[in-house]
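Participant: could you work out the structure for the sequence below:
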Amino acid sequence: MDLSNHNLSGLFEQLGLPSSEKAIDIFIEYNKGISRMISIDKARVWTTSQATFLRESLEQDSDWTDVIDQLDARLRS
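Facilitator: Below is the predicted model of the structure:
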C-alpha cells in the first residue's frame, strides 16, 4: 500500500498533466463547469487513460479518492 500523502500536484503528475500550482489553476479555470449529472471520469476533458485512472481509483476507494474529490469539487464550481 502506498502511504504517501497525495495532493493535487501529485494527481496531475499521475494524470500526465502539468502539475505546478499555476498550471493546475489554469486547467481548472479552463475546464470548470462540469455537469453535476455526470461523474468526473465522464467529463470530456480526459483522455481514455486519464478517465480510466480516475474511475478505477474511485471504484477501488484508493489513496487518490480524497484528492480526486477535491478536484471534482473545484471543476464543478
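
Participant: distance-wise, check the residue positioned nearest the centre of the chain relative to residue 25.
Facilitator: Closest to where the C-alpha atoms of the chain average out (CA atoms, centre = their mean) is residue 68, at 4.5 Å. Residue 68 sits 17 Å away from residue 25, going by CB to CB, to the nearest Å. C-beta here means a position set from N, CA and C on the backbone, and glycine is covered the same way.

Participant: do the same with residue 62
Facilitator: 25 Å.

Participant: ok, now which ones touch residue 75?
Facilitator: Residues near residue 75 by CB atoms under 8 Å, 6 or more residues apart in numbering: 28, 31, 32, 33, 34, 40, 43, 45.

Participant: can I get those in a markdown table including neighbour count?
Facilitator: Below are those laid out as a markdown table (neighbours: other CB atoms under 10 Å):
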| residue | neighbour count |
| --- | --- |
| 28 | 14 |
| 31 | 14 |
| 32 | 12 |
| 33 | 9 |
| 34 | 18 |
| 40 | 19 |
| 43 | 18 |
| 45 | 14 |
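
Participant: those residues in helices, which ones?
Facilitator: Among the contacts of residue 75, DSSP state H puts 28, 31 in helices.

Participant: quick one: low-confidence parts of the chain?
Facilitator: 1-4 (pLDDT under 70).

Participant: can you pull out the helices in it?
Facilitator: 8-14, 21-31, 48-59, 65-76.

Participant: please export the C-alpha coordinates of the second one as PDB.
Facilitator: This means helix 21-31. C-alpha atoms of helix 21-31 as PDB (Å, rounded to 0.1, in the frame of the first residue of the first chain):
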ATOM      1  CA  GLU A  21       0.100  25.300  -8.900                       C
ATOM      2  CA  LYS A  22      -0.400  27.800 -11.700                       C
ATOM      3  CA  ALA A  23      -0.900  25.000 -14.300                       C
ATOM      4  CA  ILE A  24      -3.500  23.400 -12.100                       C
ATOM      5  CA  ASP A  25      -5.300  26.700 -11.600                       C
ATOM      6  CA  ILE A  26      -5.300  27.300 -15.300                       C
ATOM      7  CA  PHE A  27      -6.600  23.800 -16.100                       C
ATOM      8  CA  ILE A  28      -9.400  24.100 -13.500                       C
ATOM      9  CA  GLU A  29     -10.400  27.600 -14.700                       C
ATOM     10  CA  TYR A  30     -10.500  26.400 -18.400                       C
ATOM     11  CA  ASN A  31     -12.400  23.200 -17.600                       C
END
